[in-house]
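Q: requesting a structural model of the entry that follows:
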Amino acid sequence: MSTNKTDSAQLMEDLRVVVDDAEALLKATAGLAGEKAEHARHRAEESVRQARERLGELEGQMRVRAQEAVKTTDRYVHENPWGAIGIAAGVGFILGLLSGRR
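A: Residues are numbered from 1 along each chain as shown. Down below sits the predicted model:
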């Protein structure tokens with residue numbers, strides 16, 4: 001599940017960089033004259049605006065999912081403390097084995 005979160009976070013960051021680059025390009029070409037350039041710039045500005053809105057929505061959805069995962073984990077740990085201790089010990093043991101092999 002953490003790989004999914006990492007992939008999602010990386011995708012969000014990549015999209016943010018693309019939007020920032022597009023905005024920089026729009027600013028750099030602001031002095032270009034002509035109806036076609038103005039039309040292209042307007043379309044690009046609209047696309048950037050929509051992308052920013054969608055990024056905001058996705059960030060909100062990711063935040064809600066993360067909060068739900070925290071609540072679910074907290075509930076599980078409170079309902080099954082010994083099971084949670086066993087899982088944590090098992091994960092620690094495996095990580096210890098893996099780090100010891102390096």
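Q: any idea how far residue 41 is from the residue of the chain most remote from its centre?
A: Distance to the chain centre peaks in the chain at residue 34, reaching 38.0 Å (criterion: C-alpha atoms, centre = their mean). Residue 34 sits 10 Å away from residue 41, going by C-beta to C-beta, to the nearest Å. Where you see a C-beta, it was placed from the backbone N, CA and C, and this is true even at glycine.
Q: can you check residue 67 too?
A: From residue 67 across to residue 41, the span is 39 Å (C-beta to C-beta).
Q: between those two, tell me which one has more neighbours.
A: Each of residue 67 and residue 41 has its neighbours counted (other C-beta atoms under 10 Å); residue 41 has more, 16 against 10.
Q: doesn't residue 27 make contact with that one?
A: No. In this structure, residue 41 is not within contact of residue 27 by C-beta atoms under 8 Å, at 10.0 Å.
Q: any idea of the mean pLDDT for stretch 75-95?
A: In this model, stretch 75-95 has a mean pLDDT of 91.
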